[in-house]
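Peer 1: next come a sequence and a model predicted from it.
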Amino acid sequence: MTTTSLAVLVPLLPFLGAVAGLLLGRTAPGFVRPLAVLPPLASLVIAVLVAVRQGGDQAISAATELTPTGSVPIELALYIDGFAALVAVLVGVVATCVQIYSTGYLRDDPRYPSYAALVSLFTSAMLLVVYSGDLIVLLVGWEVMGICSYFLVGHYWETPEARAASIKAFLVTKLGDVPFLIGLFALATDAGSFRITTVLGTVASGGLHHPTLIALLLLAGVAGKSAQFPLHTWLPDAMAGPTPVSALIHAATMVAAGVYFVARLLPVFQASSAAMTVLAVMAAVTMAGSALAALAQDDIKRVLAYSTIGQLGYMTGALAVGDRGAAVFHLLAHGAFKALLFLAAGVIIHASGTNSLAVMSRMKDLRTRVPDAYWTMTVALLALAAIPPFSGFFSKEAVLGAAEHVATGHTEHAPGAAGWIVLVAGLITAVLTAAYATRLWLLAFRGRGVEAPDHGRQPVTMTAVLWVLAVPSLAFGLLYGPLPDWFDGRDLTPVLTTSVLGTGLALVGGLVTYGAWRQTTALAARVPLGAVAAHPDADGGQVEAEAIAGHAPAFGDVAYAPDPADPGRLLLGPLHRHAAVGFHLDAVYTVLFVRPVQAGASLVRFLDREVVDTYVRAAGDLPRWLGAAVRRAQTGNVQTYVSALLAGTVVLVVAALLVATGA
């Protein structure tokens, strides 16, 4: 079988699995789990085979015209270069792990069949984006992912938090997709084709007439899909969905799509220095702001959500300095350790019955209850903090090294200002990333107080997946040496200057956080457990824990409240309350967009009810009133009719005489 034929099967198999799962979910429930796991597993095997055949060499390209349009043609096209081959393998690995993990995590969920089918469809849509060689076909996968995220984030639709989160995710991403669609049409108009190879050829020959406008329009869609400032606010709220869905969205689909799109069409953005500078600023604000917000979150999944936003900022920062090899390298490494972080968090939530780090910090021996999650999450957090020799160190240093090259004028792939912006923001974020990673580890696994609840061993399908993902989280970074051809032949070896700076700053962030935790723990030891005022969980983080554990957790005197032993409060000081709510960006959007739209809707409703409906009601009431008047005149008395006739005759005669006299 040819490589092209094999590549077609990669997105097709999960799609067929999704269709079969939806059709057989009720009639043959025994087939649901095999149909959930086997198609993505087969797709993964074929994706690996395609990657081996592609080998990082010349891109595989094939196309057939979908339909004649009379102007710009739309084609079913494949374009598989080294980046596409590797990203497809990542999607297959994470999707297969998520499906296997979900068989245990959601084993008692009555909506598991539809959930599994949607995850398969989600996977198929992302693979379509990865392999597509036509921008319109890519857009189809792009939008299908948006629909799937809407349903999966709202899986627990009985809760208002899940319903609100799914609607918010859909609307915010659509806000970016509108200019994104306009940008695609403008790009195709200039290039005369939606084919990616044709577009890149047009850019290389200088045939792009409006590069800055097109790049900025496309960046709006990328900001929405990949949760970059200022359209990132949907991603933390999306944690209302099941944890395996969070792992899939954050590691290999949806948010990765925007970064991958820019990497594939990077020459389009490089055609405009202004667009590259905007991309650099967007990445810098996203990195630093999300890291500060992560340091202030109580929900373990929201910490990881803001962490994803920040790591995506590193990827867009690498693209802003013109190094797509470093961006995709970090995308792949991040996919492994972020999937591991979320799935390990799911085990912790499953065991503790809560999402709250404040509650976990009031439990002792939680790490002995979940040893697999403890050790694997430790590996993933070290990778996140970019501590050598874990994978995150190599990929993050590739980004910082690329920024340093641009900043010091060693390359002309991007403006020098973009290099300095990304470099400084990346180093600041390195400190903050290590700080919130250390805080999460300390609060989750080094708590004091009552015994952690013992629900027995976790399902093997959940714990085995953690160890599978721990391998690339530890060792993937070492592949930069054997696989240079897969990354445009770029040398991704860590640069000494940024390696020393980045690692040193990460160690400082971790040690300072540990010192702050020791100080606050000593203070908290003098505070009785029951003395902390309880407050409701504003984020609805308890919802999933109760749905999975099957009961409301009971921790004795443990208060679901801010923990006085939280080092984040000490480190952030007065900034903590602002960082905890994402620096009030949602409130700003409420004032700028939500309230005006609501006011406009209220005005339309008033006009519809008081003006339009008034005319409509009057149009119906007037004939009714006339009919009532006529009905009263129809008495059935002949004498009345004759009298009226005579009276009318007299009136007419008098009127005629008056007219004649006047004449």
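Peer 2: Arrived safely.
Peer 1: so where's the stretch 451-600 of the chain shaky on pLDDT?
Peer 2: Confidence mapping of the stretch 451-600 of the chain against pLDDT under 70 gives the ranges 479-485, 489, 524-564.
Peer 1: without its sequence neighbours, what residue ends up closest to residue 469?
Peer 2: residue 340 (4.0 Å; Cβ to Cβ, 6 or more residues apart in numbering). The C-beta positions use only the backbone N, C-alpha and C, and glycine is treated the same way.
Peer 1: tell me the secondary structure of the one you found, please.
Peer 2: Going by DSSP: H, G, I helix; E, B strand; the rest coil, the secondary structure assigned to residue 340 is helix.
Peer 1: looking at this, residue 232 is in a helix?
Peer 2: No. Counting by three-state DSSP, one finds residue 232 to be coil, located in no helix.
Peer 1: give the full set of residues in contact with the residue nearest to residue 469.
Peer 2: For residue 340, the contacting residues are 376, 377, 379, 380, 466, 469, 470, 473, by Cβ atoms under 8 Å, 6 or more residues apart in numbering.
Peer 1: in which helix or strand does residue 261 reside?
Peer 2: With secondary structure defined by DSSP states H and E, residue 261 is part of helix 255-264.
Peer 1: tell me what the helix or strand just after that helix is packed against?
Peer 2: On the C-terminal side of helix 255-264, the closest following helix or strand by DSSP H and E is helix 266-270. Helices and strands in packing contact with helix 266-270 are listed as helix 196-204, helix 211-225, helix 273-294; criterion 3 or more Cβ pairs under 8 Å, 6 or more residues apart in numbering; DSSP states H and E.
Peer 1: hang on, the earlier thing: which one of the contacts of residue 340 is nearest residue 365?
Peer 2: residue 377 (15.9 Å; Cβ to Cβ).
Peer 1: quick check: that closest one vs residue 337, distance?
Peer 2: Between residue 377 and residue 337 the distance, using Cβ to Cβ, to the nearest Å, works out to 10 Å.
Peer 1: what's near enough to touch residue 173?
Peer 2: Contacts of residue 173 were listed using Cβ under 8 Å, 6+ apart, and they are 146, 149, 224, 225, 231, 234.
Peer 1: which pair in those spans the largest distance?
Peer 2: 149 and 231 (14.0 Å).
Peer 1: higher neighbour count, the two?
Peer 2: When neighbours are counted by other Cβ atoms under 10 Å, residue 149 comes out ahead of the other of residue 149 and residue 231, with 27 against 23.
Peer 1: export the helix or strand where that one lies as PDB, just CAs?
Peer 2: In the assignment (DSSP H and E), residue 149 maps to helix 135-153. Output of helix 135-153 as PDB, limited to C-alpha atoms (Å, rounded to 0.1, in the frame of the first residue of the first chain):
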ATOM      1  CA  LEU A 135      -6.800  25.300   3.600                       C
ATOM      2  CA  ILE A 136     -10.500  24.700   3.200                       C
ATOM      3  CA  VAL A 137     -10.200  21.000   4.200                       C
ATOM      4  CA  LEU A 138      -8.000  22.100   7.100                       C
ATOM      5  CA  LEU A 139     -10.800  24.500   8.100                       C
ATOM      6  CA  VAL A 140     -13.300  21.700   8.200                       C
ATOM      7  CA  GLY A 141     -11.200  19.800  10.800                       C
ATOM      8  CA  TRP A 142     -10.600  23.100  12.600                       C
ATOM      9  CA  GLU A 143     -14.300  23.700  13.000                       C
ATOM     10  CA  VAL A 144     -15.200  20.100  13.800                       C
ATOM     11  CA  MET A 145     -12.800  20.300  16.700                       C
ATOM     12  CA  GLY A 146     -14.700  23.400  18.000                       C
ATOM     13  CA  ILE A 147     -18.000  21.500  17.900                       C
ATOM     14  CA  CYS A 148     -16.500  18.500  19.700                       C
ATOM     15  CA  SER A 149     -15.000  20.700  22.400                       C
ATOM     16  CA  TYR A 150     -18.400  22.200  23.000                       C
ATOM     17  CA  PHE A 151     -20.000  18.800  23.600                       C
ATOM     18  CA  LEU A 152     -17.100  17.300  25.600                       C
ATOM     19  CA  VAL A 153     -16.500  20.400  27.800                       C
END
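Peer 1: residues of it that come out buried?
Peer 2: With burial defined by 16 or more other Cβ atoms under 10 Å, the residues of helix 135-153 counted as buried are 135-139, 141-142, 144-146, 148-153.
Peer 1: which secondary structure elements does that helix contact?
Peer 2: Taking 3+ Cβ pairs under 8 Å, 6+ apart as contact, the helices and strands that helix 135-153 lies on are strand 74-80, helix 112-131, helix 160-191, helix 211-225, helix 243-251, helix 255-264.
Peer 1: which SS state does the residue nearest to residue 584 when sequence neighbours are not counted fall under?
Peer 2: On the basis of Cβ to Cβ, 6+ apart, the spatially nearest residue to residue 584 that is not a chain neighbour turns out to be residue 578, at 6.6 Å. For residue 578, the secondary structure call by three-state DSSP comes out as helix.
Peer 1: for this protein, give me the ranges with low pLDDT.
Peer 2: Low-confidence regions of the chain, defined by pLDDT under 70, span residues 479-485, 489, 524-564, 663.
Peer 1: what about stretch 72-81, distance to the chain center?
Peer 2: Taking Cα atoms, centre = their mean, to the nearest Å, one finds stretch 72-81 lying 26 Å from the centre of the chain it belongs to.
Peer 1: just the CA trace of it, in PDB.
Peer 2: Written as PDB, here are the backbone C-alpha positions of stretch 72-81 (Å, rounded to 0.1, in the frame of the first residue of the first chain):
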ATOM      1  CA  VAL A  72     -10.300  29.300  -6.600                       C
ATOM      2  CA  PRO A  73     -10.400  25.500  -6.600                       C
ATOM      3  CA  ILE A  74     -10.900  23.400  -3.500                       C
ATOM      4  CA  GLU A  75      -8.900  20.100  -3.400                       C
ATOM      5  CA  LEU A  76      -8.600  17.000  -1.200                       C
ATOM      6  CA  ALA A  77      -4.900  17.300  -0.700                       C
ATOM      7  CA  LEU A  78      -2.300  15.700   1.600                       C
ATOM      8  CA  TYR A  79       0.900  17.500   2.500                       C
ATOM      9  CA  ILE A  80       3.000  15.500   5.000                       C
ATOM     10  CA  ASP A  81       6.400  16.900   5.900                       C
END
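Peer 1: contacts for that stretch?
Peer 2: 3-4, 7-8, 50, 54, 59-67, 88, 131-134, 136-137, 188-189, 192-197.
Peer 1: which of those residues are buried? Put it as a PyMOL command.
Peer 2: One line in PyMOL is enough to select the buried ones among the contacts of stretch 72-81; burial here means 16+ other Cβ under 10 Å:
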select buried, resi 3+7+8+50+54+59+60+62+63+88+131+132+133+134+136+137+188+193+194+195+196
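Peer 1: where do the helices sit along the stretch 401-550 of the chain?
Peer 2: When assigned using DSSP state H, counting those that start in this stretch, the helices of the stretch 401-550 of the chain occupy the ranges 416-445, 460-475, 496-524, 542-549.
Peer 1: return the set of buried residues in the first one.
Peer 2: This points to helix 416-445. Within helix 416-445, the residues scored as buried using 16+ other Cβ under 10 Å are 418-423, 425-445.
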